[in-house]
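K.L.:
Show me how the following folds:
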Amino acid sequence: MWTKELFGTDVYHLVSAFIIYSVLGWFVESIYMSFCNRRITNRGFAKGPFCPIYGFGGVVGYLILHPLAGSYVKLYFAGAILATVFEFLVGKLMVKLFGELWWDYNDKPCNYKGIICLESTIAWGFYAVIIICFLNGKVMHFIDVYSYEMGVRACKIVIVLGTIDFTYQLLQALHFNLADSRDKVLQLYEHFKTKWN
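P.N.:
This next block holds a predicted model:
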């Protein structure tokens, strides 16, 4: 599975880049928001230092936009538009699923329903240029510094820990009570056991 190619890159490099961009995105946004809030702020949905939205954005953005690497202007505008559309769709999905948005641009000028704003759109364009023209090559080089076996092991560990962390936070956000669910499962088991004994 790890050596299978998708869009000209093997799964191992895509997953590794996803992880690196998720951590880098969390790091950059947490520092920025800590500065804005004047207190340490974790900008991830989960407890760990991981923002999958940046992982998806970095990898998918690279796959779609890397043909524009020769033109900074085209790349900038395409990246700004693509990321803004992505942010808008994720925001609408969050409101539909959770009834709330985990960011709020209502205090920013030129915003639309607090989901997207001009300031972020401008920033997304710069991120696209930085990632595609300067950062992605360094990320791929970093991935190749370690042995393939060690890298796959690290990817598996991060994916398992991230999935557990994300699932736990998702269940809490959906107000899913683990203790009540456990009790219901035990009651069903007892009922089933008495019926068949």
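
K.L.:
Compute the first-to-last residue distance for stretch 137-151.
P.N.:
In stretch 137-151, first residue to last residue: 17 Å (C-alpha to C-alpha, to the nearest Å).

K.L.:
Touching that stretch from outside, list them.
P.N.:
Stretch 137-151 is touched from outside by Trp2, Tyr12, His13, Ser16, Ala17, Ile20, Tyr21, Ala154, with contacts defined as C-beta atoms under 8 Å, 6 or more residues apart in numbering. All C-beta spots, glycine's among them, are computed from the backbone N, C-alpha and C.

K.L.:
ok, those residues vs Ile115, which is closest?
P.N.:
Of all the contacts of stretch 137-151, Ile115 sits closest to Tyr21, with 21.8 Å by C-beta to C-beta.

K.L.:
tell me the contacts of the residue nearest in space to the middle of the chain?
P.N.:
Taking C-alpha atoms, centre = their mean, the centroid of the chain lies closest to Pro52, which sits 1.4 Å from it. Shown in contact with Pro52 (C-beta under 8 Å, 6+ apart): Phe18, Ser22, Gly162, Phe166.

K.L.:
what does Lys92 give?
P.N.:
By C-beta under 8 Å, 6+ apart, the contact set of Lys92 is Ile115.

K.L.:
same thing but at 10 Å, please
P.N.:
Leu101, Lys113, Ile115 (C-beta atoms under 10 Å, 6 or more residues apart in numbering).

K.L.:
Would you mind stating the distance between it and Tyr76?
P.N.:
Lys92 sits 25 Å away from Tyr76, taking C-beta to C-beta, to the nearest Å as the criterion.

K.L.:
Residues in a beta bridge with Asp10, which ones?
P.N.:
Legend: beta-bridge partners of Asp10 under DSSP bridges are Glu5.

K.L.:
Hmm, Trp2 and it touching each other?
P.N.:
Yes - under the criterion of C-beta atoms under 10 Å, Asp10 makes contact with Trp2 at 6.8 Å.

K.L.:
Mind listing the shared neighbours of the two?
P.N.:
Shared contacts of Asp10 and Trp2 (C-beta under 10 Å, 6+ apart): Ser16, Tyr148.
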